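Student: Model the following, please.
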Amino acid sequence: MRSSFGLIGKTAMALALSAGMLTVGATSAVAKEKAPKEQKGSYSKEFVAAATPIQKTVGALDAAKKSGATPEAQKALLGNATAELAAAEAAIQTPLDRMAAGGWAVSIGGVLNDTKMRQRGVKNMLDSGQVPAANLTEYQFYLGNFAYANKDYATVVSALTPVVQANFKDDTAAELLADGYSQQGQHAQALEALKAAVAARKAAGGAVPNSWYKRANVIAYTNKLGPQAIEWSTLMVENEPSALNWLGAGQLVREFGSFTNQESLDLGRLLLRTGGLNNEKKFVEREYVEYIEAADPRRLPGEVLKVANMGVAAGVLSASDQFVADAISQAKGRIGPDKASLPALDREARAGKDGKSALAMADAYLSYDDAAKAEEMYAMAIAKGGIDKDRAVMRMGIAQIDQKKFAEAKASFGQVTNATRAPLARLWSAYASTQLQPNAAAPEQS
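Tutor: Prediction:
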């Protein structure tokens, strides 16, 4: 059966990933312009002599700031500041010299909007050893932030790695670090950095921002890192199980998998139950069509009719479209005879020497939303053997989901080992986990 709908269109995955585009730049925060009180050591004679002009310039700048001078007026005071600062930096002899020169560079660079000067200044302050231990992580963040604005990605990585490990309060640190790796082609390391950030935040009992998961998805998807893309999309729905995230996660699993109709059918069922189908028409039209094609009105007429009617009611499908009209017509014509055959097929399945008939019977019950009988038959099919166990175990988990047996469902999904089905089973398990959480509400199935 072929659809009249194009299946290569806009996807929710594209929308979800675009939402993770990095937009952070140099921070508006700046390192302290005055040296900390805990200074040790002394200034060198050479530095004091060379720094006299820049010290006067900075003094005039401070006075202008206090008097409320405009940015233009402040900038006008700095006509010779770059050369004066360079002369002072060239005369650095002691740690205290370096700290003072660094502070001036940060201050002047802020007025001149010179991020390279500011980066150099913070680096000098850190290298001086004069920054109090309590402020080191914050200064490292400033250094990494300025380095990112200057596209100095090696410094971004070296500066921000300890910042992220320390669970710094600014959420952009982890994304800057990850992008610093990616800009150097080190995409796997970028994902590991984000994973470390998530671990540090959770260890501290804090909430993990959804932007970190989106950033990881962007990196994994755009660089065709299939297993990582699936892993991070699954983590994302566990963190924020929104309708759009579920749709994007399902599409990523399919994108990097080798699905047959059987896997596509169980993906459609997941999107139905998680609310993934409750998105804009341009994102879910394809999903409705693939679900109907995978279920096939000749095999599972009851499920096809339910899904087709849902799509029409939601305004996603049109009852006048030939594909939809044919699916509904065939399903309606087959439901009566199909249901009438179930009792005899049930007896046959129970008497069978292997589990093949029981598996087929279980599939039928599941498609008609008789979850309890479906679970019983899947268990029977598994016990008798001679079947695709992964398919049976996964669908037994789905039947358990439908009965709100979420812990049992997670155990069932955990038994799936087939390489194609395992990522999908992981998504189903994530859904079960979200339903086990306090106050979890099942999504509406329109």
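Student: For stretch 200-210, list the C-alpha coordinates in PDB.
Tutor: The C-alpha coordinates for stretch 200-210 follow below in PDB (Å, rounded to 0.1, in the frame of the first residue of the first chain):
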ATOM      1  CA  ALA A 200      28.100  16.700  38.200                       C
ATOM      2  CA  ARG A 201      24.800  18.600  38.200                       C
ATOM      3  CA  LYS A 202      22.800  15.500  39.300                       C
ATOM      4  CA  ALA A 203      25.400  14.600  42.000                       C
ATOM      5  CA  ALA A 204      24.800  18.100  43.400                       C
ATOM      6  CA  GLY A 205      21.100  17.500  43.400                       C
ATOM      7  CA  GLY A 206      20.400  20.200  40.800                       C
ATOM      8  CA  ALA A 207      18.100  20.200  37.700                       C
ATOM      9  CA  VAL A 208      19.800  19.500  34.400                       C
ATOM     10  CA  PRO A 209      18.800  22.100  31.800                       C
ATOM     11  CA  ASN A 210      17.100  20.700  28.700                       C
END
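Student: Pull out the buried residues from the top helix by length along the chain.
Tutor: Identified as the longest helix of the chain according to DSSP state H is helix 322-351. Residues of helix 322-351 classed as buried: 323-324, 327-328, 330-331, 334-335, 338, 342, 346, 349 (neighbour count, 16 or more other Cβ atoms under 10 Å). (Each C-beta comes from the backbone N, C-alpha and C, glycine too.)
Student: try stretch 155-170
Tutor: Within stretch 155-170, the residues that qualify as buried by neighbour count (16+ other Cβ under 10 Å) are 155-161, 163-164, 166-168.
Student: Could you identify the most distant pair in the residues you listed?
Tutor: Spatial extent of these (Cβ to Cβ) is set by the pair 155 and 167 at 21.1 Å.
Student: ok, for the most centrally placed residue in the chain, nearest residue in space, not its chain neighbours?
Tutor: Centroid-nearest residue in the chain, with Cα atoms, centre = their mean: residue 213, separated by 2.2 Å. Leaving aside its sequence neighbours, residue 213 sits nearest to residue 236 (Cβ to Cβ, 6 or more residues apart in numbering; 3.7 Å).
Student: check which helix or strand covers that neighbour.
Tutor: Assigned by DSSP states H and E, residue 236 belongs to helix 226-239.
Student: Quick check: next helix or strand after that helix?
Tutor: Taking DSSP H and E, what comes next after helix 226-239 is helix 243-255.
Student: Alpha carbons of that next one, as PDB, please.
Tutor: Coordinates of the C-alpha atoms in helix 243-255 are reproduced here as PDB (Å, rounded to 0.1, in the frame of the first residue of the first chain):
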ATOM      1  CA  ALA A 243       5.300  15.800  22.900                       C
ATOM      2  CA  LEU A 244       7.900  17.300  20.700                       C
ATOM      3  CA  ASN A 245      10.800  15.600  22.400                       C
ATOM      4  CA  TRP A 246       9.100  12.300  22.100                       C
ATOM      5  CA  LEU A 247       8.500  12.800  18.400                       C
ATOM      6  CA  GLY A 248      12.100  13.800  17.900                       C
ATOM      7  CA  ALA A 249      13.500  10.900  19.900                       C
ATOM      8  CA  GLY A 250      11.300   8.400  18.000                       C
ATOM      9  CA  GLN A 251      12.400   9.900  14.600                       C
ATOM     10  CA  LEU A 252      16.100   9.700  15.600                       C
ATOM     11  CA  VAL A 253      15.800   6.000  16.600                       C
ATOM     12  CA  ARG A 254      14.200   5.300  13.200                       C
ATOM     13  CA  GLU A 255      16.700   7.500  11.400                       C
END
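Student: Mind giving me the packing neighbours of it?
Tutor: In terms of contacts (3 or more Cβ pairs under 8 Å, 6 or more residues apart in numbering; DSSP states H and E), helix 243-255 is packed against helix 12-18, helix 210-222, helix 226-239, helix 261-274, helix 281-295, helix 422-436.
Student: That helix versus helix 210-222: what angle between them?
Tutor: Helix 243-255 and helix 210-222 are oriented at 20 degrees to each other (axes from the mean of the first three to the mean of the last three Cα atoms, to 10 degrees).
Student: Return the angle between stretch directions for helix 243-255 and helix 261-274.
Tutor: Going by the same axes, to 10 degrees, helix 243-255 makes 170 degrees with helix 261-274.
Student: in the helix holding residue 236, what's buried?
Tutor: The neighbour-count check on helix 226-239 (16+ other Cβ under 10 Å) flags 226, 228-239 as buried.
Student: One more: stretch 352-362?
Tutor: Under the neighbour-count criterion of 16+ other Cβ under 10 Å, stretch 352-362 has 352, 355-362 buried.
Student: biggest separation within the residues you listed, which pair?
Tutor: The distance between the two most remote of the buried residues of stretch 352-362 (Cβ to Cβ) is 12.2 Å, for 352 and 362.
Student: right, and residue 267 touches residue 423 too?
Tutor: No. Using Cβ atoms under 8 Å, residue 267 is not in contact with residue 423; the gap is 10.3 Å.
Student: Next, show the common contact partners of those two.
Tutor: Jointly contacting residue 267 and residue 423 under the rule Cβ atoms under 8 Å, 6 or more residues apart in numbering are residue 253.
Student: Now do the SS call for the residue lying closest to residue 124 once chain neighbours are set aside.
Tutor: By the measure of Cβ to Cβ, 6+ apart, the closest residue to residue 124 outside its immediate chain neighbours is residue 102, 3.3 Å from it. What DSSP: H, G, I helix; E, B strand; the rest coil gives for residue 102 is helix.
Student: give the contact list for residue 102.
Tutor: For residue 102, the contact set (Cβ under 8 Å, 6+ apart) comprises 31, 120-128.
Student: and if we set it to 10 Å?
Tutor: Residue 102 is in contact with 31, 33, 35, 89, 92, 118, 120-128, 130-131, 139, counting by Cβ atoms under 10 Å, 6 or more residues apart in numbering.
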